[in-house]
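Q: Give me the fold of what follows.
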Amino acid sequence: MAPHITAMLMMFLGIGTSITFASSNWILAWVGLEINTLAILPLMTQRFHPRAIEAAVKYFLVQEAAAATILYSAALNAWLTGEWAILETSHPAVTHMCTIGLALKIGLAPLHAWLPEVLQGLELSTGLIVATWQKLAPFILLTQVGTYTPCLLTFLGLVSIMVGGWGGLNQTQLRKILAYSSVAHLGWMALMLKFFPSLTLLTLIIYIIMTMSLFLLFSLNNTKTIGGLAISWNKTMTLTTLIPFLLFSLAGLPPLTGFMPKWFILHELTKQNLPLLATVAALSALMSAYFYLRLAYAMTMTTPPGLTTNKTPWRRHNPVRSLPLALSAAVTILALPLAPALMALMSPSSW
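A: As a prediction, this is how the structure comes out:
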């Protein structure tokens, strides 16, 4: 694809997300979501391969079904209340229908089945956009509507955490593992939408940074399976020492950055007198930690069956620009000391 076409499509992605961010009307929000969907489809099919075409078709059908559900719920709300404003959506049937449409758009379980299949057919660079940027606009709408459906969001969040952990256990494809990781992290965010929306947005930002570091790392190594991770030390020795920290941060282990949002969420659930929900969420997170540990083991503790005597790739000049990877990896590993400042910033007393 020509560079100017790619730049134009990326610009439309930003425009669609900005329209949804700035809109207070359901029609404008729906237009922004549609611009996002139409802009990502050519990027998905730029590598003309049957898997990429299949992934684009699946993504288009799912996103259009979700958009139709959202538009129908907005029209129903206008018919019942006479209002197209997003904040005026309060009828139970409308809010539940809209929440289900937005959950389908971002891939919350049990509406998640499309996400692993779509990511498996995409390049890592395009998969990064689908797993991160494409979730921003629906989540902004969900934070405005989700406060009216706390029971539904709690159910979707808990199921997502459990399905994301169970689904990633028997996977060997890295893109499917990252997809189930996305489902699990979305579940943690959904649990907090009713109680602490700003904490949900903080968790989303941290998740995007952590996921970006892994996607960029696998793209730099040109690795798509667990078996391919065994030769990572032969390609990038320095990064191989950092990869376990990135994976453990995504699993939420201290003293890494990923521990911060999960600790805040468990603390908030305990404050809301929901200890059983916090316990189930914490125990379900152990399943996700297991497959992250398996990736770290495959990368650092195993070697390929055949070793070559050729000059190793890490000794050659590497023209790949890795500044985004360096920045995202640094934040993924070292940002936990900022937790008190972020918590003070999010507290209502600071507003």
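Q: Assign a three-state SS to residue 171, would you?
A: Secondary structure state of residue 171, per DSSP: H, G, I helix; E, B strand; the rest coil, is coil.
Q: can you pull the contacts of it?
A: 116, 177, 180, 291 (Cβ atoms under 8 Å, 6 or more residues apart in numbering). Using the backbone N, CA and C atoms, a C-beta is placed for each residue, glycine as well.
Q: Would you check how far apart the closest residue to the first one other than its chain neighbours and residue 171 are?
A: With Cβ to Cβ, 6 or more residues apart in numbering as the criterion, residue 116 has its nearest non-adjacent residue at 4.0 Å, and that residue is residue 179. Summarising the geometry, the distance separating residue 179 from residue 171, computed by Cβ to Cβ, to the nearest Å, is 9 Å.
Q: Pull out the buried positions in stretch 151-165.
A: Neighbour-count burial for stretch 151-165 flags 152-154, 156-165 (criterion: 16 or more other Cβ atoms under 10 Å).
Q: With stretch 50-64 instead?
A: 52, 55, 56, 58, 59, 60, 62, 63.
Q: Serialize those to TSV and add fields for secondary structure.
A: Converted to TSV, these look like this (three-state DSSP):
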residue	secondary structure
52	helix
55	helix
56	helix
58	helix
59	helix
60	helix
62	helix
63	helix
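Q: picking that back up, name the secondary structure element that contains the residue nearest to residue 116.
A: helix 174-192 (DSSP states H and E).
Q: Who are the packing partners of that helix?
A: Where contact means 3 or more Cβ pairs under 8 Å, 6 or more residues apart in numbering; DSSP states H and E, helix 174-192 is packed against helix 114-120, helix 124-131, helix 150-167, helix 197-221, helix 259-271, helix 275-300.
Q: mind checking which of those is nearest residue 9?
A: helix 124-131 (10.0 Å; Cβ to Cβ).
Q: Mind listing residues that contact that closest one?
A: Residues contacting helix 124-131 (Cβ under 8 Å, 6+ apart): 13, 40, 43-44, 46, 59, 118-119, 122, 175, 178-179, 182, 211-212, 215-216, 218-219, 224.
Q: Restrict the contacts of residue 171 to the buried ones and give me that as a ChimeraX selection.
A: Here is the ChimeraX command that selects the buried residues among those (16+ other Cβ under 10 Å):
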select :116,177,180,291
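Q: of the contacts of residue 171, closest to residue 197?
A: Of the contacts of residue 171, the one sitting nearest to residue 197 (Cβ to Cβ) turns out to be residue 180, at 25.0 Å.
Q: nearest residue to that closest one other than its sequence neighbours?
A: Closest to residue 180 by Cβ to Cβ, 6+ apart is residue 168, at 3.7 Å.
Q: now the helix holding residue 179, how far from the chain's geometric center?
A: Helix 174-192 has its C-alpha centroid displaced from the chain centroid by 6 Å (Cα atoms, centre = their mean, to the nearest Å).
Q: okay, that helix in PDB with CA atoms only?
A: Backbone C-alpha positions of helix 174-192 (Å, rounded to 0.1, in the frame of the first residue of the first chain) are rendered in PDB as follows:
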ATOM      1  CA  LEU A 174       0.900 -15.600  20.000                       C
ATOM      2  CA  ARG A 175      -1.800 -13.500  18.300                       C
ATOM      3  CA  LYS A 176      -4.500 -15.700  19.800                       C
ATOM      4  CA  ILE A 177      -2.900 -15.500  23.200                       C
ATOM      5  CA  LEU A 178      -2.800 -11.700  23.000                       C
ATOM      6  CA  ALA A 179      -6.500 -11.800  22.000                       C
ATOM      7  CA  TYR A 180      -7.500 -13.700  25.100                       C
ATOM      8  CA  SER A 181      -5.200 -11.500  27.100                       C
ATOM      9  CA  SER A 182      -7.200  -8.600  25.700                       C
ATOM     10  CA  VAL A 183     -10.500 -10.300  26.700                       C
ATOM     11  CA  ALA A 184      -9.300 -10.800  30.300                       C
ATOM     12  CA  HIS A 185      -8.100  -7.200  30.700                       C
ATOM     13  CA  LEU A 186     -11.300  -5.800  29.300                       C
ATOM     14  CA  GLY A 187     -13.100  -7.800  32.000                       C
ATOM     15  CA  TRP A 188     -11.100  -6.000  34.700                       C
ATOM     16  CA  MET A 189     -12.100  -2.600  33.100                       C
ATOM     17  CA  ALA A 190     -15.800  -3.600  32.900                       C
ATOM     18  CA  LEU A 191     -15.900  -4.400  36.600                       C
ATOM     19  CA  MET A 192     -15.000  -0.800  37.500                       C
END
